[in-house]
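Undergrad: attaching a predicted model along with its sequence, questions to come.
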Amino acid sequence: MLAATFAILIVPLAAAVACLVMPGPAALRIAPALTVIAGITSFALVLALVPDTAHADLSYLSGYVRADAVSVIFLLATGFLYAAVAVYAVGYLRTHRDATYARRFYAGFNAFAWAMLAAPLMGSLALLWIAVEVTTIVSALLVAIEATPTKEGDGAAEAAWKYLLIASAGLGLALLATIFAYYAGAQVLGEHYNLAIAPLIQAGPRLPATPVRLAFLLAVLGYGTKVGLFPVHTWLPDAHSEAPTPVSALLSGSLLAVSFYAILRFYQVTAASLGTGFPRDALLAFGVASLVLAALYVFGQRDVKRLLAYSSVEHMGILAIGVSFGAPIALGGVLLHVMAHAAAKGNAFMSAGVFTVKYGTKQMSSMRDGMRLLPWSGPLFLLAVFALSALPPFGIFRSEFQIVAGGLGSGSYAAAAVLVVLVTVAFFGLSASATSMLLTPSPTAKTAAVRGEPSAWMVVPVLAGLAVLVLLGVHPPGELTDLITRGAAQLGTP
């Protein structure tokens, strides 16, 4: 597994460098194929880690590179999206015949995927912070890569600048959290302690309480800016709306989850040191607030990608609430939710991207009769909305059922009830928008647009995502179930 682990860190980075130095004309021909190969290879390498990490942790380079059940869950989510969106991007970028744009896009796309794959493999809180910081820099450039003129100027550049400012401020808080964690660890493990996660968790009962408590709160606020938790979510709708659709899919399905992974590592340290009461209460407060905001804001959205961005805030709130319940079945549901949400949100954004290409706009009011005009992407978008709304037989139904069951089993009746009510409210908002886009006839539809898909490349990865959602909802593979069970045990062990 040594080779597979390090290959995950090498393959996407090598693809990014190759795309960046590629001659202009070759970027249009070779960069897409190279990115697809890198994405599929990376996902296959992650799959190779599942059998071993379902039963034991992997540690290399004195613990600086480390994979356990929790980290591999997040690697699976990112690896699958990397592969699926790489295929999708081939069709999406056919409208961009500029070689310079293609070179920059594919170089940034692969670098972004590399940073998100590297973060869960970092065995140190310091290296984890660096990896998340790299995702910020690269993703901000990708958000701004397509100019979107508005009355006020360039909407994409404005969204990227807003994202960069808020995320940088948040990561400044996360760096402060890392410093407090180092201070706490140094009191027990010595001044030369290198912020390795595993020794910090093992030393938990001996760590001083105050710096651990401060570190956790700062981590939730700091990394929470990248997760999109309320009230530090404000960059998210703008960035997701203005970014190219392949980037939006990675931002929503993977980046938010990777940032939540960082919070989980601080959660493990805090639970080992202070017990689970304090960190669970903090996550419950942030989770409920995020869910309330998202459930209300999905109503009245005009931009389809902003609608899906607020849906992402909703699902990050669900993850936080699920961890706050603390029951093993809820924690297992959280880890399953990470993977199911990646597939569902990736599908939703990729399908929405087909609509924006077909209709030439992101405004839902201009999208009508989608079920007829897009015979594949129309039904697939509807199924993605159903999946995000936790309808059976999709994976999010299973994960949210486990989370609610865990809440009821742990005695958190009020929080479980609030979760069910707000998820139902969000369902009505999403379904109303999807209905208007897909089923409302337009008097100009028959003459303004021709029935058919823009590209088969934009349909095939969505079909793969649908298959994953059904698999996760109906019968997850045995080794994946073992991985989730072990990950839940790691998160639940104080």
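TA: Yes, it's here.

Undergrad: state the phi and psi torsions of S59.
TA: Taking degrees, to the nearest 10, you get phi -140, psi 130 for the backbone angles of S59.

Undergrad: can you tell me the closest non-neighbouring residue to it?
TA: Nearest non-adjacent residue to S59, counting by Cβ to Cβ, 6 or more residues apart in numbering: R66, 4.8 Å away. Yep, even glycine has a C-beta here, placed from its N, CA and C like the rest.

Undergrad: before we move on, what about M367?
TA: M367's closest residue in space is M437 (Cβ to Cβ, 6+ apart), at 4.5 Å.

Undergrad: returning to what we had before: need the next SSE after the helix or strand encompassing the residue nearest to S59, C-terminal direction.
TA: Here R66, judged by DSSP states H and E, is contained in strand 65-67. Where DSSP H and E defines the elements, the next helix or strand beyond strand 65-67 is helix 69-92.

Undergrad: just checking, I318 touches L291?
TA: Yes - using Cβ atoms under 8 Å, I318 makes contact with L291 at a distance of 6.6 Å.

Undergrad: so what sits against both of the two?
TA: Residues touching both I318 and L291 (Cβ atoms under 8 Å, 6 or more residues apart in numbering) are 419, 423.

Undergrad: if we can go back for a sec, pull the residues that contact the strand holding R66.
TA: The contact list for strand 65-67 (Cβ under 8 Å, 6+ apart) reads 1, 5-6, 9, 49, 53, 57-60, 75, 120-123, 197-198.

Undergrad: low pLDDT regions in the stretch 251-400 of the chain?
TA: The model of the stretch 251-400 of the chain has no residue with pLDDT under 70.

Undergrad: which residues of it fall in helices?
TA: Under the criterion DSSP state H, counting those that start in this stretch, the stretch 251-400 of the chain contains helices at 256-274, 277-297, 304-325, 328-359, 370-373, 377-388, 395-409.

Undergrad: how about the first one: buried residues?
TA: Of the residues in helix 256-274, those scored as buried under the neighbour-count criterion (16 or more other Cβ atoms under 10 Å) are 256-274.

Undergrad: next one: the second one
TA: By neighbour count, with 16+ other Cβ under 10 Å as the criterion, the buried positions of helix 277-297 are 278-280, 282-295, 297.

Undergrad: next, the angle from that helix to helix 256-274.
TA: When axes from the mean of the first three to the mean of the last three Cα atoms, to 10 degrees is applied, the directions of helix 277-297 and helix 256-274 differ by 150 degrees.

Undergrad: and for the last one?
TA: Counting by the same axes, to 10 degrees, helix 395-409 points 20 degrees away from the direction of helix 256-274.

Undergrad: on contacts alone, who are the packing partners of helix 395-409?
TA: Applying 3 or more Cβ pairs under 8 Å, 6 or more residues apart in numbering; DSSP states H and E, one finds that helix 395-409 contacts helix 304-325, helix 328-359, helix 377-388, helix 413-438, helix 460-474.

Undergrad: list only those of the contacts of strand 65-67 flagged as buried.
TA: Neighbour-count burial (16+ other Cβ under 10 Å) applied to those gives 5, 9, 49, 53, 57-59, 75, 120-123, 197.

Undergrad: tell me which of those residues fall in helices.
TA: 5, 9, 49, 53, 75, 197 (DSSP state H).

Undergrad: can you put those residues in CSV and add pLDDT and distance to F386?
TA: As requested, those are exported to CSV (pLDDT from 0 to 100; distance: Cβ to Cβ, whole Å):
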residue, pLDDT, distance to F386
T5, 91, 36
L9, 95, 36
L49, 95, 31
T53, 92, 31
L75, 97, 27
I197, 92, 37
